[in-house]
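Trainee: Quick check, what structure comes out for this input:
(chains A and B)
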Amino acid sequence: QKEVEQDPGPLSVPEGAIVSLNCTYSNSAFQYFMWYRQYSRKGPELLMYTYSSGNKEDGRFTAQVDKSSKYISLFIRDSQPSDSATYLCALIQGAQKLVFGQGTRLTINP
Amino acid sequence: DSGVTQTPKHLITATGQRVTLRCSPRSGDLSVYWYQQSLDQGLQFLIQYYNGEERAKGNILERFSAQQFPDLHSELNLSSLELGDSALYFCASSDGGSTFYEQFFGPGTRLTVL
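Mentor: Residues are numbered from 1 along each chain as shown, chains lettered A, B, ... in the order given. Purely as a prediction, here's the structure:
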């Protein structure tokens, strides 16, 4: 079993829709939870991070962590075509090693 | 632009050969991380250096090695290359301090082994 599970999609939604992206993890020792966005042929870029359970909001993006269920989510409101990318969850435990999910390819259709 | 540079952008080589990938971290960042991204395995952590010393190791093969030089740039050496080594190789950097979780990724080197 992988340490972090993420549905690779692809996920296709109309512009303006609310998008929900999710990951589950198995190791309760993970402490930091991140979401990265990767455009085609580019390196990943950090979107959001959270340290503990709860919600964190940044503009149209909301990250949610439920440590009891080992479940993390990223919500995108009022989705735009420019949000089309691959979204990767990433978790850190102890030493500064990121463990990434498989990534979900998202397409927002105009 | 993340401020992390990687060279070369593309590399095509044959099985059994050896290649070197180079990374320059963002100005002021002491930590360098190497990742491999393939279609079937996703993004996998290989190795981390902090101020010239190895800090953490991931799923790095024995045929692969890395180092970080006094000017903080890093090189990833891949030897006895196999077809399965074809992938995108990313370098990332962070300050290694309180914001270690925020890693800035370079544009990657696409390696094709024929």
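
Trainee: Count the residues that sit near residue A:91.
Mentor: 24 (other C-beta atoms under 10 Å in any protein chain shown). For the C-beta atoms, the positions are set from N, CA and C on the backbone; glycine is no exception.

Trainee: ok, now which ones touch it?
Mentor: Shown in contact with residue A:91 (C-beta atoms under 8 Å, 6 or more residues apart in numbering or on different chains): A:3, A:4, A:25, A:30, A:32, A:33, A:34, A:72, A:98, A:99.

Trainee: Run a quick neighbour tally on residue B:53.
Mentor: Residues near residue B:53, counting by other C-beta under 10 Å: 9.

Trainee: err, residue A:108, not the other one
Mentor: 20.

Trainee: Can you name the residues bridging to it?
Mentor: Beta-bridge partners recorded for residue A:108 (DSSP bridges): residue A:13.

Trainee: same deal with residue B:93?
Mentor: Beta-bridge partners recorded for residue B:93 (DSSP bridges): residue B:32, residue B:104.

Trainee: rewinding a little: which ones among the contacts of residue A:91 map onto strands?
Mentor: Counting by DSSP state E, the contacts of residue A:91 place A:4, A:25, A:32, A:33, A:34, A:72, A:98, A:99 in strands.

Trainee: isn't the third one right next to residue B:103, touching?
Mentor: Right, residue A:32. No. Residue A:32 lies out of contact with residue B:103 (C-beta atoms under 8 Å); the separation is 11.0 Å.

Trainee: Alright, I will stop here.
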